[in-house]
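J.: show me how the following folds:
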Amino acid sequence: METEKIKAKVGKLYDANYDTELLKERAICADIIYELNLLRPSKTREREELFRRLLGKTKDKFTILSPFFCDYGYNIEIGENLFINMNCVILDEAKVTFGDNVFIAPNCGFYTAGHPLDKEKRNKGLEYAYPITIGNNVWIGAHVCVLPGVTIGDDTVIGAGSVITKNIPANVLAAGNPCKVIRKITEEDKDKYTR
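T.: Just a heads-up that it's a prediction; the model follows:
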């Protein structure tokens, strides 16, 4: 039998609001998140242990500031040297993968979940979930919104306030609503901030 969790994993419409298995998993995650967000910032060992228990895959070195929110946790995989600033929201109904050396500014959201345009399906609690992939060496500015199914290529910078509705290629500066490529990142950018 195809469970609601399996339907979500393969990108089909599934019951997110009334399925007992998914409700239980979200409740477990919510308890861990509650504990994480109440811990003092100086409790670094305890915070790291909770994140390792919560997230699907971690590497050795990462920093995630509170408050932090997600729905399941086990669908989130992070690379080495990840930094997530405060007030990040990850609706991880599908897999969310962050590469190595990813820097995320405050108030960013990564939303794998979406709802049908048809009101009857939507009112039954149905939704879909498409994975999000963030490449290596990506910097995401403040208040960025990443929507279901988006991939951001390696070495890319996303400007603050962007709403990313489609894939963004590697090695570019992109910004806007909807987010669009502004230009390639070039060798001249290496010397831009030296004095």
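J.: helices or strands up against the one helix or strand residue 77 maps to?
T.: Assessed by DSSP states H and E, residue 77 sits inside strand 76-78. Applying 3 or more C-beta pairs under 8 Å, 6 or more residues apart in numbering; DSSP states H and E, one finds that strand 76-78 makes contact with strand 96-98. From N, CA and C alone the C-beta is placed, and that goes for glycine too.
J.: counting contacts, what elements does the strand it packs on pack onto?
T.: strand 76-78, strand 132-134.
J.: partners of the last one, with directions?
T.: Just to be clear, that refers to strand 132-134. The strands beside strand 132-134 in its sheet (DSSP bridges) come out as strand 96-98 (parallel), strand 151-152 (parallel).
J.: now those strands in CSV, with mean neighbour count and distance to residue 172?
T.: Output for the strands paired with strand 132-134, formatted as CSV (neighbours: other C-beta atoms under 10 Å; distance: least, C-beta to C-beta, whole Å):
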stretch, mean neighbour count, distance to residue 172
strand 96-98, 23, 18
strand 151-152, 22, 10
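J.: would you reformat these as a markdown table and include mean pLDDT and distance to residue 85?
T.: Compiled in a markdown table, those are given as follows (pLDDT from 0 to 100; distance: least, C-beta to C-beta, whole Å):
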| stretch | mean pLDDT | distance to residue 85 |
| --- | --- | --- |
| strand 96-98 | 98 | 13 |
| strand 151-152 | 98 | 17 |
